[in-house]
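Chemist: quick one: sequence plus predicted model below, questions after.
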Amino acid sequence: MNKIEAIMNLKNSLKFNPTIKAKIRSKLRTTGLYLLVPIVNFSVSVFTSPLFAKYLTAEEFGYFGYYTSLIGFINIFFSLSFTTYYMSVYYGHHDRKRVLVTLTSFLILWNLVFLPIVYVGFILFFKFTNSQVPFYPFAILTFVAGSIGVYKSFLQVNYRLGEKPLSYFFIVSGYRISSIILGLYLIIEMNMHLAGRMLGLLIIEGVFFLLSMIHIYKGLKFNIDRKILKSAIKIILPLLPASLLYIPIIGFDNLVLERLNQPVEMGFYNIGKGIAAYLYTALFPFFQTFEPDIYKYTSQRNIKGLRNTSLFLIGIVLFSIAIFWTVSPIIINYLTGGKYPQAIIFANILVVTSGLMIVFSLFDAIINALQATKLHLIINGTTAVFCIGAYFIGSIYFKQIGTAIASVISYMFLIMLQSIFIIKKFGNYKPVLSN
């Protein structure tokens, strides 16, 4: 009888409590709007990926993947992890608009100095390593796009944490769709091949840079508040080396593959990696929908809410990977126009990495909410050493397949370290039942 009464009480509370019903409707509506991002992006890719496969060679896919990995390293310094700091103070700072202007203003000055240093530095790096990857014009297009692309991340934070999913949809999907369309035009009509793809990205980054500046500085002037900047640097200083140490996990694979001097096989690898990344693109909105709750539950030490949210997201990841394995041959055959079936095996391995990246984002949000920035340095430093060793061993003995497996193992190792800290951190707290 007690169980029956409890069920009836729960049913009645859900039926007559307008606050709970409104909260559920709001969460479902927000989730639906966030889901529009991967739905629209994937729909566009369904039609455009065969065109990229038709007009770009396997080597060009490999070079594109190489520069994507390279900019991953450099973007740490272009952004200085300021978006992470901005997220950590979003709910707590009384004047977050002033915080945003200060962070943006400093980054603009910083990148005006840092961009030329990066370009000259990599000229020397390519000469010293005798890299077989073409440098010009791909490097300058990639570096400039990366330096002006960091500012739209602030808009994404505002729209996500401010629970404005429709605005978030327009900025994320708008960027992807416009860059794809312009890239295809330059590739097909202007016969620019990979340079056209990269130039298209740069032009659209420029457009979104202007939109970001208008949004950030609306009603305000260029200004750097020294007190805010000092606080930000104090928090993010441990994050910079930690973020840099995290990059080998997501980008060291292409640097290792480049040394094998097999550009065609590197192309197959990156085609599979790109298609596997669709899973991450599809699942990330689920994480973003619950990200504000993750920060709230963590700050309130609401262990029950945090546990339920985490298990729900991990369950979605496991289910999605299983579905991908079932349909991957069909998807890859279509998206590549049947040209690159060699990419299937890489996609099936690297889709596990894509799923693990969602789990990493979940645990990383918890650690960020705790502002345990020094812990990032320890975890990422330990994982970076493990990761580099795994990539070298995998590539030397098993070539591209070994590199893909090393990616999965590295993320498993990283998540294991995160889990140990989180369990230890919350071990002394009793579950909080309220929201």
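Modeler: Structure received. Numbers count the residues shown, from 1 in each chain.

Chemist: now the element after the helix or strand hosting T281, going C-ward?
Modeler: Under the criterion of DSSP states H and E, T281 resides in helix 263-300. For helix 263-300, the following helix or strand on the C-terminal side (DSSP H and E) is helix 303-335.

Chemist: so whichever helix or strand comes after that following helix versus helix 263-300, what angle?
Modeler: Toward the C-terminus, helix 303-335 is succeeded by helix 343-369 as the next helix or strand (DSSP H and E). Angle of helix 343-369 versus helix 263-300, following axes from the mean of the first three to the mean of the last three C-alpha atoms, to 10 degrees, is 30 degrees.

Chemist: quick one: average pLDDT of helix 343-369?
Modeler: Computed over helix 343-369, the mean pLDDT rounds to 92.

Chemist: quick one: buried residues of it?
Modeler: Neighbour counts over helix 343-369 (16 or more other C-beta atoms under 10 Å) mark 343-369 as buried. In short, each C-beta sits where N, CA and C put it, glycine included.

Chemist: and the helix holding T281, how far from the chain's centre?
Modeler: Relative to the mean C-alpha coordinate of its chain, helix 263-300 is positioned 6 Å out (C-alpha atoms, centre = their mean, to the nearest Å).

Chemist: what is that helix packed up against?
Modeler: If you count contacts as 3 or more C-beta pairs under 8 Å, 6 or more residues apart in numbering; DSSP states H and E, helix 263-300 packs onto helix 18-55, helix 58-79, helix 152-161, helix 239-259, helix 303-335, helix 343-369, helix 373-426.

Chemist: S88 is nearest to which of those?
Modeler: helix 343-369 (5.9 Å; C-beta to C-beta).

Chemist: so what angle separates the directions of the closest one and helix 373-426?
Modeler: 80 degrees.

Chemist: got the angle between helix 343-369 and helix 239-259?
Modeler: Going by the same axes, to 10 degrees, helix 343-369 makes 170 degrees with helix 239-259.

Chemist: per-residue pLDDT of S79, please?
Modeler: The model's pLDDT for S79 equals 91.

Chemist: now do the same contact list for it.
Modeler: Applying C-beta atoms under 8 Å, 6 or more residues apart in numbering to S79 gives the contacts 107, 150, 153.

Chemist: ok, now A282?
Modeler: A282 sits in contact with 38, 42, 320, where contact means C-beta under 8 Å, 6+ apart.

Chemist: going by neighbour count, which of these comes out on top?
Modeler: Neighbour counts for the contacts of A282, by other C-beta atoms under 10 Å, peak at P38, which reaches 21 neighbours.

Chemist: just give the nearest non-adjacent residue to that residue, would you?
Modeler: Closest residue in space to P38, ignoring its immediate chain neighbours: A282 at 4.1 Å, by C-beta to C-beta, 6 or more residues apart in numbering.

Chemist: can you pull out the low-pLDDT segments for the chain?
Modeler: 1-32, 34, 93-94, 242-243, 246-248, 373, 427-435 (pLDDT under 70).

Chemist: where do the domain boundaries of it fall?
Modeler: 29-237, 238-425 (automatic domain parsing).

Chemist: point out the most buried one among these.
Modeler: domain 238-425 (a mean of 19; mean count of other C-beta atoms under 10 Å).

Chemist: state the phi and psi torsions of V150.
Modeler: Backbone geometry at V150, expressed as degrees, to the nearest 10, gives phi -70, psi -20.

Chemist: so the closest residue to A404 other than its chain neighbours versus F154, what's the distance?
Modeler: Of all residues beyond its chain neighbours, the one nearest A404 is I349 (4.2 Å), with distances taken as C-beta to C-beta, 6+ apart. Counting by C-beta to C-beta, to the nearest Å, the gap between I349 and F154 amounts to 34 Å.

Chemist: kindly report the same for M357.
Modeler: Distance from M357 to F154, by C-beta to C-beta: 22 Å.

Chemist: quick one on the thing from earlier: out of the contacts of S79, flag the one nearest to S131.
Modeler: Out of the contacts of S79, the member with the shortest distance to S131 (by C-beta to C-beta) is V150, at 25.5 Å.

Chemist: so that closest one sits right up against I76, yeah?
Modeler: No. The criterion here is C-beta atoms under 8 Å, and V150 misses it with I76 at 10.1 Å.

Chemist: right, and A139 touches Y119 too?
Modeler: Yes. Counting by C-beta under 8 Å, Y119 is a contact partner of A139 at 6.9 Å.

Chemist: need the three-state assignment for P134.
Modeler: coil (DSSP: H, G, I helix; E, B strand; the rest coil).
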